[in-house]
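Engineer: quick one, structure for this:
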Amino acid sequence: MYSFKDYIDLVIKSLDHLYVKDESRAIAMRLLSFYLGEPSYKFIAYPQTIISNHKITPLLEAIDKLKEGVPYQYIVGYQEFYGFDFFVSPSVLIPRHETEELVLWVLEFIKDRFINSEKKIRVLDLATGSGAISLSIFKEYPQFDYYAIDISNEALDVASKNLNHMIEKLALESYRDNFRFIGSDILDESSIESALRSVDDFHIIISNPPYVTNFQKKEMSKNVLDHEPHLALFVEDNNPLIFYKKIERIAEKYLKKEGALFLEINELYAKETSALFDNVVYSQVSVKKDINNKDRMIRVIK
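Structural biologist: Predicted structure coming up:
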């Protein structure tokens, strides 16, 4: 038999090769909450409570998956991001909390430029993945028009599920038609032109594209390398800005005058990425550090 404390201790011991103790403890608490439907304070307040036999089985199976490096988010099927639980699967990257800073930057811009606007504001999300970025903005401004593009049909299925979940949870049914998903390759200009043929220019374009180079793999944890989708993560060492070059051309064509492009970037190439927008088309380029003091975001004003 296992008590709450026994299970937490077992997770910590089983994962000592992957996580520090505090992180393992947090994972154990999340798993207990997910499988038992109990708030986390109970595991602290009543550590000797025994877990029933029929409920311990999936909890032990979860440990086996964790030991193989499977991220706990894929086990429970969701990740909290900007105050909402987003569904995730191995078809999409797990949303990082650093990316919430990009969302906040976009929302600041909206509040500054468009909060009292009577225009129909249009937002384009390139390489949307789970949809976490654009859906977080939709949560605040459902009256805008959103177009979310990804090359992966599996990722778009997850993003659509997240849209449906958000609409149901937040009673946004009347705004459903304001959000559209499009299957397209942002590296293929003809594909993008076809996808956006009937759409007017955008006030805001957002993207968190693949930007991790292959030589950086050695710095990444095994659970990311073995389980998160490489299609959404990596670029070749000899062309690390391939997506940003294409996004610059998309922005040149589809971003409105005085509109803004927001990008998450590889901190190793902040200068090179910002230099792509150092031309007469754009009026302002700003690089912003994240909470870890890394050059992580760029905002480009047209």
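Engineer: rest of the way, CA atoms for contacts and neighbours
Structural biologist: Fine.
Engineer: count of neighbours near residue 282?
Structural biologist: By the criterion of other C-alpha atoms under 10 Å, residue 282 has 17 neighbours.
Engineer: just the helices in the stretch 51-200 of the chain please.
Structural biologist: All helices of the stretch 51-200 of the chain, identified by DSSP state H, counting those that start in this stretch, fall at 53-67, 72-76, 98-113, 132-140, 153-170, 189-195.
Engineer: and of the ones you listed, who's closest to residue 2?
Structural biologist: Evaluated over the helices of the stretch 51-200 of the chain, closeness to residue 2 peaks at helix 53-67, with 7.6 Å, by C-alpha to C-alpha.
Engineer: mind listing what's buried along that closest one?
Structural biologist: 56, 59, 62-63, 66-67 (16 or more other C-alpha atoms under 10 Å).
Engineer: helix, strand or coil for residue 286?
Structural biologist: strand (DSSP: H, G, I helix; E, B strand; the rest coil).
Engineer: what residues are up against it?
Structural biologist: When contacts are counted by C-alpha atoms under 8 Å, 6 or more residues apart in numbering, residue 286 is found next to 274, 298-300.
Engineer: which parts of the stretch 1-150 of the chain are strands?
Structural biologist: Assigned by DSSP state E, counting those that start in this stretch, the stretch 1-150 of the chain shows strands spanning 2-3, 50-51, 78-81, 84-87, 122-126, 145-150.
Engineer: any chance of those strands in JSON lines, plus distance to residue 176, mean neighbour count and mean pLDDT?
Structural biologist: Formatted as JSON lines, these follow (distance: least, C-alpha to C-alpha, whole Å; neighbours: other C-alpha atoms under 10 Å; pLDDT from 0 to 100):
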{"stretch": "strand 2-3", "distance to residue 176": "45", "mean neighbour count": "16", "mean pLDDT": "95"}
{"stretch": "strand 50-51", "distance to residue 176": "42", "mean neighbour count": "16", "mean pLDDT": "96"}
{"stretch": "strand 78-81", "distance to residue 176": "21", "mean neighbour count": "18", "mean pLDDT": "95"}
{"stretch": "strand 84-87", "distance to residue 176": "17", "mean neighbour count": "21", "mean pLDDT": "97"}
{"stretch": "strand 122-126", "distance to residue 176": "15", "mean neighbour count": "24", "mean pLDDT": "98"}
{"stretch": "strand 145-150", "distance to residue 176": "10", "mean neighbour count": "23", "mean pLDDT": "98"}
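Engineer: mind putting those in TSV, distance to residue 114 included?
Structural biologist: Shown next, in TSV, are the strands of the stretch 1-150 of the chain (distance: least, C-alpha to C-alpha, whole Å):
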stretch	distance to residue 114
strand 2-3	53
strand 50-51	52
strand 78-81	24
strand 84-87	24
strand 122-126	11
strand 145-150	13
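Engineer: so which of the ones you listed gets nearest residue 18?
Structural biologist: strand 78-81 (19.2 Å).
Engineer: neighbours of residue 220, how many?
Structural biologist: The tally of other residues near residue 220 (other C-alpha under 10 Å) stands at 10.
Engineer: also the one 10 residues further on?
Structural biologist: Using other C-alpha under 10 Å, residue 230 has 16 neighbouring residues.
Engineer: lowest-confidence helix or strand of the chain?
Structural biologist: The helix or strand of the chain with the poorest confidence is helix 222-227; it has a mean of 74 (mean pLDDT, DSSP states H and E).
Engineer: given the following helix or strand past it, what are its sheet partners and their directions?
Structural biologist: Past helix 222-227, further along toward the C-terminus, the next helix or strand under DSSP states H and E is strand 234-235. Strand 234-235 has the following strand partners under DSSP bridges: strand 212-213 (parallel).
Engineer: name the residues that touch the partner strand?
Structural biologist: Under C-alpha under 8 Å, 6+ apart, the answer for strand 212-213 is 233-237, 240, 266.
Engineer: now those in CSV, with neighbour count, pLDDT and distance to residue 175?
Structural biologist: Listed next are the contacts of strand 212-213 as CSV, based on neighbours: other C-alpha atoms under 10 Å; pLDDT from 0 to 100; distance: C-alpha to C-alpha, whole Å:
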residue, neighbour count, pLDDT, distance to residue 175
233, 18, 82, 31
234, 18, 81, 34
235, 20, 82, 36
236, 13, 85, 40
237, 13, 85, 42
240, 21, 91, 38
266, 20, 93, 34
